[in-house]
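# this one's sequence-less:
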């Protein structure tokens with residue numbers, strides 16, 4: 001195919017695929033199809049999986065679409081299907097696109113309806129498969145403590161420790177209480193000592 005006819009966007013079963021990718025990897029952009037499943041689809045459609053999907057002709061693209069839509073009807077092993085032993089429809093199926101999304105949503109709603117452990121964990125938005133929640137999946141107020149609160153808590157702890165040390169040493173309290181009393185006792189004596197000096201200075205001024 002000429003370089004002018006190269007398609008940069010190819011649409012297969014309602015999904016836009018980058019034309020620069022190989023066919024097997026490009027098909028993995030469709031929900032429900034992986035790289036390995038894409039290689040199986042290429043072999044069913046008779047297309048080289050290493051070929052760029054933008055170089056495919058209209059006929060090859062239509063063949064790919066038919067192979068994707070009729071994938072579960074082909075003679076392939078059942079273990080490759082993504083919906084085995086379906087509890088509603090029964091049997092093994094391979095769902096793609098919106099059908100896969102709807103089946104997953106229905107499964108989750110069923111788990112919530114029967115109040116199973118997994119359903120309750122999905123309702124609460126918590127991990128379902130036994131992961132630890134002490135350090136992971138932390139949201140909201142459990143994420144951490146602000147620096148201001150940490151500083152306040154540290155100051156309160158230091159104050160409490162200081163008071164506890166003072167309570168264990170009663171001698172410090174007595175000396176602290178004695179100092180103000182001594183200051184009060186010294187105040188009147190100093191006033192008495194100043195009184196004779198003032199009288200002497202007045203007499204000296206009167207003689208002059």
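The structure has been received and is ready for your questions. From a predicted model like this one, the values you see are computed outputs, not experimental measurements. Residues are numbered from 1 along each chain as shown.
# where does the chain have low pLDDT?
1-4, 141-146, 170-198, 200, 202-208 (pLDDT under 70).
# show me the strands in it, by range?
Using DSSP state E, the strands found in the chain span residues 9-12, 15-18.
# can you check which of these gets nearest to residue 34?
Checking the strands of the chain against residue 34 by Cβ to Cβ gives strand 15-18 as the closest, at 13.9 Å. Using the backbone N, CA and C atoms, a C-beta is placed for each residue, glycine as well.
# pairing partners for the closest one, with directions?
strand 9-12 (antiparallel) (DSSP bridges).
# roughly how far out does the strand it pairs with sit from the chain middle?
Chain-centre distance of strand 9-12: 35 Å, with Cα atoms, centre = their mean, to the nearest Å.
# flag every buried residue along that strand.
10, 12 (16 or more other Cβ atoms under 10 Å).
# give the contact list for residue 154.
Contacts for residue 154 (Cβ atoms under 8 Å, 6 or more residues apart in numbering) come out as none.
# whoops, I mixed them up, residue 103
Contacts for residue 103 (Cβ under 8 Å, 6+ apart) come out as 83, 95.
# and what of residue 110?
Residues near residue 110 by Cβ under 8 Å, 6+ apart: residue 119.
# would JSON lines of the strands of the chain with distance to residue 155 be doable?
Converted to JSON lines, those look like this (distance: least, Cβ to Cβ, whole Å):
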{"stretch": "strand 9-12", "distance to residue 155": "63"}
{"stretch": "strand 15-18", "distance to residue 155": "59"}
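# residue 59 is nearest to which of these?
Nearest of these (Cβ to Cβ): strand 9-12, 13.2 Å.
# ok now stretch 12-22, how far from the chain's centre?
For stretch 12-22, the distance to the chain centre is 32 Å (Cα atoms, centre = their mean).
# outside of it itself, list whatever touches it.
Taking Cβ under 8 Å, 6+ apart as the rule, stretch 12-22 contacts 6-11, 26-27, 29-31, 49-55, 61, 64-65, 68-69, 96-97.
# same question for stretch 59-72.
So stretch 59-72 is contacted by 10, 12-13, 23, 27, 30, 33, 37, 41-42, 44-47, 56, 74, 81, 92-94, 96 (Cβ under 8 Å, 6+ apart).
# of the residues you listed, buried ones?
For those, buried by 16+ other Cβ under 10 Å: 10, 12-13, 23, 27, 30, 33, 37, 41-42, 44-45, 47, 56, 81, 92-94, 96.
# from those residues, which land in helices?
The helices, defined by DSSP state H, take in 23, 27, 37, 41-42, 44-45 from those.
# could you check how many residues crowd around residue 79?
7 (other Cβ atoms under 10 Å).
# give me the number of residues near the nearest residue to residue 108 once chain neighbours are set aside?
If the residues on either side of it in the chain are set aside, residue 108 comes closest to residue 122, at 5.7 Å by Cβ to Cβ, 6 or more residues apart in numbering. For residue 122, the count of nearby residues is 16 (other Cβ under 10 Å).
# what's the spacing between residue 150 and residue 60?
Using Cβ to Cβ, to the nearest Å, residue 150 is found at 65 Å from residue 60.
# those two - which one has more neighbours?
For residue 150 versus residue 60, neighbours defined as other Cβ under 10 Å are more numerous around residue 60 (17 against 11).
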